[in-house]
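A.B. asks: need a 3D model of the sequence below.
(chains A and B)
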Amino acid sequence: MNRLMLQTIVKHEIKLLVRNKVLVYLFSIIFFMLLSALWIGSSMYKKQLSTIRQIKAYDKEITDSLRERITRIEKEDMIYPGFIWDDPTFAYNTARNEGPQFAVKQPFSLQALTVGQSDLQPFYYKVNITRKQYLTYDGEIGNSFLQFIGNFDFAFVVVYLFPLLIIVFTYNVLSSEKEQGTWVLLKTSNQSLGRLITARIAIRYLLFIMFFWMIVTPVLVLLVGVDFFFTTNWWWTVICVSLYFSFWFALSMFINSFSFSSTLNAMTLIFIWLFTGIIVPNLLQIGLNKIYPIPSRISMVTEERNALNQYFEKDGQTLTKEVFNNPRTMIRQASIVTPGMVYGYGVIVYKSQEIKDAAAAVAERKLYGQIERQQNAIQRLQLLSPALLLQEQLSAFAGTHWRQFNKFSIDVDTFRRETQRFYFPKMAEESTFRSFTLKDVDAIPRFNPKVYADYGWTDIPALVLTYIGVTVVLLLTAYKRLLAIVK
Amino acid sequence: MLKAENLTKQYGEHIALDRLNLEIKAGEVYCLLGSNGAGKSTTINIFLGFIPASDGRALIDGQEVSVNNAATRNMVAYIPEIVNLYPTLSGMENLEYFSALSGFRHTKQQLQSYMQTAGLQSSALDNRVSSYSKGMRQKVGIAIALVKKAKALFLDEPTSGLDPHASNEFSQIITRLSEQGVSTLMATHDLLMAKNLGNRIGIMHKGRLRHEMTANEVSDADLTKLYIDVVKEVI
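C.D. replies: So this is what the prediction gives:
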């Protein structure tokens, strides 16, 4: 097959495709959906950026106010005119009021492609010394952590809708020739029909891929800027999506090679799409939720509370008695709130915090342990479904995978402990109740926001090679069959 | 140019073609007559390489079809009863495509001249094939054969359903091709067409060639009688 003949076949394919009204309408609809998905994804990304800007502004405002109030108090011989619980020179008050800092997971621009877990998991926390942050919003968890069929985003359109478009694009490359009778003229041409059909499917694949990326790339640049273009995440995304498409083209060629009717080809391909894209992931979701059930958030909170109550009923008795009856704190005796009382509460909080944290850690291990087990199982089983595999990889490249949010949460926890280490000594300072100074304002630990888009846990090269292998086997088998059937 | 040697096709117990022997010279038009199931189309399909023979050999220009199918395909063109083309493409686009697949590259003017030779009016060239009549499709089929410079032409009931004018036009084109040295094997039910167009006529029934004659040695009436006798005789 020489260059000129290939040119003719390319021209022929373009004409056939462009003049197929059903295909053109379907193509337009799905591409419109793709553009809408990109717009929705980029809007969510921009909304997060805007929220982060607001957080920074709020942070600055609060810190400035804190600095100003302490300056005023220090200037006016430590006289605070307001309510004692608001006096920022008490470390306990500042830790409760102005002290909690925001920890932010900086969104990655490719988040515009894959919302992943970003609508389920918080991308920022207000880090409180007395309260452990959770990797979910405060409400009961409605969704599973195995969020296979997620938002209407680029990933959803690519993973679930594009295979349908590819099926419509390719299901009858061979059968239509038979059904419309052009097969007879082709068989008396000088070409090997096996090669011709293969060339036609290859041309359709290349046209499809070129058209796809020529639309997606500039639209994405327009929506989120050009930075993503220089990341490996983007190029892995391109490779994985292109490979996913090539898998579907190869599968379609394989089905074509059986020389079934167009209807049977379409039915077979749609069944495979349904089975691998919807049924397998859902069976895995149900199965893994049964094997590793996620504990209820309500039961987690109750467990924490019970642990704390147990502490105060038994081991915490001494501490409570000591603090409550200490003449220095005079909590019981005083009819008005005294500086000693504020100090006393601070002491109770920091001394009981270790117990609270330990109780939270037990409950947390139950929750995250199950999620971790689910995620590990998914990593082993994802090869069963190309759709699931791609969904997982796209989330990882976009920085919206559960593991990346988990890493963020771990970092936030470390930061919380750092914040505790900063406040607790001041709260327990025995020489003075009012231990928080202007110098301390600048020393309040700050969380360093960063992008969590590392995908080191996935063995991308191995997965890509596996799917290249599957695709090549399909292609070669189909090619051999085509040569045999239509020789 | 075309030669069948004991050509046989068997489907299980049923013999579709029974030891057919025939030879068609360059420029000769050979018409195969016979009722449905006589073995005419089976003969053509074996020559085209669409189905393998159970026994015997089909040769085109000395090359055996089953052995060297790629080479024999280069030499043949086929016009079935209904020439199916890509309906969303124009006649010219279809011709350009099939011409390219046959390894020929022609300018638009050259392709237009082939279409004109095949008798398709120029106003229809750029219309989509979906709007073409059966006769117009036949002409595109002939243009494809012309472009391909086929040495052998196989026609399967080509004039069935054509109006007399279109049928006459078709005959003229086949005659012209024959004058240029193209061998033609035509399967037909049309005795008159066979008599007028063919150099030689073969009558087949139940897979066997019952009678063979030159078109000149038989009158229309005799041909009709002979045909009916053959069918009756076998029944």
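A.B. asks: okay, CA-based contacts and neighbour counts for the rest of this
C.D. replies: Will do.
A.B. asks: please list the residues of chain A that sit near chain B.
C.D. replies: When proximity is defined as CA under 8 Å from any CA of the partner chain, chain A approaches chain B at A:5, A:8-9, A:12, A:15-16, A:19-20, A:180-182, A:185-191.
A.B. asks: and with 7 Å instead?
C.D. replies: Taking CA under 7 Å from any CA of the partner chain as the criterion, the neighbours of chain B within chain A are A:5, A:8, A:12, A:16, A:19, A:180-182, A:188-191.
A.B. asks: lowest-confidence one in these?
C.D. replies: The pLDDT minimum for the residues of chain A next to chain B sits at residue A:190, where the score is 77.
A.B. asks: can I get the residues of chain A next to chain B in JSON lines with distance to residue B:124?
C.D. replies: JSON lines is the format used below for the residues of chain A next to chain B (distance: CA to CA, whole Å):
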{"residue": "A:5", "distance to residue B:124": "25"}
{"residue": "A:8", "distance to residue B:124": "22"}
{"residue": "A:12", "distance to residue B:124": "19"}
{"residue": "A:16", "distance to residue B:124": "19"}
{"residue": "A:19", "distance to residue B:124": "19"}
{"residue": "A:180", "distance to residue B:124": "21"}
{"residue": "A:181", "distance to residue B:124": "21"}
{"residue": "A:182", "distance to residue B:124": "20"}
{"residue": "A:188", "distance to residue B:124": "25"}
{"residue": "A:189", "distance to residue B:124": "24"}
{"residue": "A:190", "distance to residue B:124": "27"}
{"residue": "A:191", "distance to residue B:124": "28"}
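A.B. asks: residues of chain B that sit close to chain A?
C.D. replies: Contact residues (CA under 7 Å from any CA) of chain B with chain A: B:70, B:73-74, B:76-77, B:84-86, B:88, B:97, B:100-103.
A.B. asks: number of residues surrounding the residue nearest to residue B:175 when sequence neighbours are not counted?
C.D. replies: The shortest distance from residue B:175 to any non-neighbouring residue, by CA to CA, 6 or more residues apart in numbering or on different chains, is to residue B:197 (7.1 Å). The local packing count at residue B:197 equals 22, with neighbours defined by other CA atoms under 10 Å in any protein chain shown.
A.B. asks: pLDDT averaged over the helix or strand encompassing residue B:117 - what is it?
C.D. replies: With elements taken from DSSP states H and E, the one containing residue B:117 is helix B:108-118. Across helix B:108-118, the average pLDDT comes to 91.
A.B. asks: got the contact list for residue B:8?
C.D. replies: B:17-20, B:53-56 (CA atoms under 7 Å, 6 or more residues apart in numbering or on different chains).
A.B. asks: let me fix that, I meant to ask about residue B:53.
C.D. replies: When contacts are counted by CA under 7 Å, 6+ apart, residue B:53 is found next to B:7-9, B:46.
A.B. asks: show me the longest strand that occurs in chain A.
C.D. replies: strand A:101-106 (DSSP state E).
A.B. asks: now that one: buried residues?
C.D. replies: For strand A:101-106, the neighbour count (16 or more other CA atoms under 10 Å in any protein chain shown) marks A:101-106 as buried.
A.B. asks: show residues contacting the strand or helix carrying residue B:23.
C.D. replies: Counting by DSSP H and E, the secondary-structure element that holds residue B:23 is strand B:14-24. When contacts are taken as CA under 7 Å, 6+ apart, the neighbours of strand B:14-24 outside the stretch itself are B:1-10, B:30, B:39, B:183, B:206-209.
A.B. asks: tell me the pLDDT of residue 91.
C.D. replies: As the question left the chain open, I've gone with chain A. What the model reports for residue A:91 is a pLDDT of 91.
A.B. asks: wrong one, I was asking about chain B
C.D. replies: Residue B:91 is assigned a predicted lDDT (pLDDT) of 95.
A.B. asks: what is the neighbour count of it?
C.D. replies: For residue B:91, the count of nearby residues is 29 (other CA under 10 Å).
A.B. asks: distance between the ends of stretch B:191-210?
C.D. replies: Across stretch B:191-210, the terminal residues are separated by 15 Å (CA to CA, to the nearest Å).
A.B. asks: buried stuff in that stretch?
C.D. replies: By neighbour count, and taking 16+ other CA under 10 Å as the criterion, the buried residues in stretch B:191-210 are B:191, B:194-195, B:197-210.
A.B. asks: now, the residues you listed that are in helices?
C.D. replies: Secondary structure assignment by DSSP state H places B:191, B:194-195, B:197 of the buried residues of stretch B:191-210 in helices.
A.B. asks: centroid residue for chain B?
C.D. replies: Residue closest to the average C-alpha location in chain B (CA atoms, centre = their mean): residue B:155, at 1.6 Å.
A.B. asks: skipping adjacent residues, who's closest to that residue in space?
C.D. replies: Counting by CA to CA, 6+ apart, residue B:186 is the residue found nearest to residue B:155 once chain neighbours are left out, at 4.5 Å.
A.B. asks: and the spatially closest residue to residue A:163 that is not a sequence neighbour, how many neighbours?
C.D. replies: When the adjacent residues along the chain are set aside, residue A:163 lies closest to residue A:248, with 6.4 Å between them (CA to CA, 6+ apart). Each residue near residue A:248 was counted by other CA under 10 Å, and the total is 25.
A.B. asks: could you say which helix or strand contains residue A:248?
C.D. replies: Applying DSSP H and E as the criterion places residue A:248 in helix A:232-256.
A.B. asks: doesn't residue B:82 fall inside a helix?
C.D. replies: No. Read with DSSP: H, G, I helix; E, B strand; the rest coil, residue B:82 is coil and lies in no helix.
A.B. asks: quick one, what contacts it?
C.D. replies: Residue B:82 makes contact with residue B:134, according to CA under 7 Å, 6+ apart.
A.B. asks: how near is it to residue B:196?
C.D. replies: Relative to residue B:196, and taking CA to CA, residue B:82 is found at 22 Å.
A.B. asks: so the nearest residue to residue A:383 once chain neighbours are set aside versus chain B, what's the distance?
C.D. replies: Of all residues beyond its chain neighbours, the one nearest residue A:383 is residue A:389 (6.2 Å), with distances taken as CA to CA, 6+ apart. For residue A:389, the distance to chain B (CA to the nearest CA, to the nearest Å) stands at 39 Å.
A.B. asks: for stretch A:394-407, which residues meet the burial criterion?
C.D. replies: A:394-406.
A.B. asks: try stretch A:180-196
C.D. replies: For stretch A:180-196, the buried set under the neighbour-count rule, 16+ other CA under 10 Å, comprises A:181-196.
A.B. asks: one step back: what's the longest strand of chain A packed up against?
C.D. replies: Strand A:101-106 makes packing contacts with strand A:124-127, strand A:450-451 when contacts are defined by 3 or more CA pairs under 7 Å, 6 or more residues apart in numbering or on different chains; DSSP states H and E.
A.B. asks: I'd like those as CSV, with mean neighbour count and mean pLDDT appended.
C.D. replies: Conversion of the helices and strands packed on strand A:101-106 to CSV gives the following (neighbours: other CA atoms under 10 Å in any protein chain shown; pLDDT from 0 to 100):
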stretch, mean neighbour count, mean pLDDT
strand A:124-127, 19, 89
strand A:450-451, 14, 92
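A.B. asks: for residue A:244, which of those strands is the nearest?
C.D. replies: With CA to CA, the closest approach to residue A:244 among those belongs to strand A:450-451: 26.5 Å.
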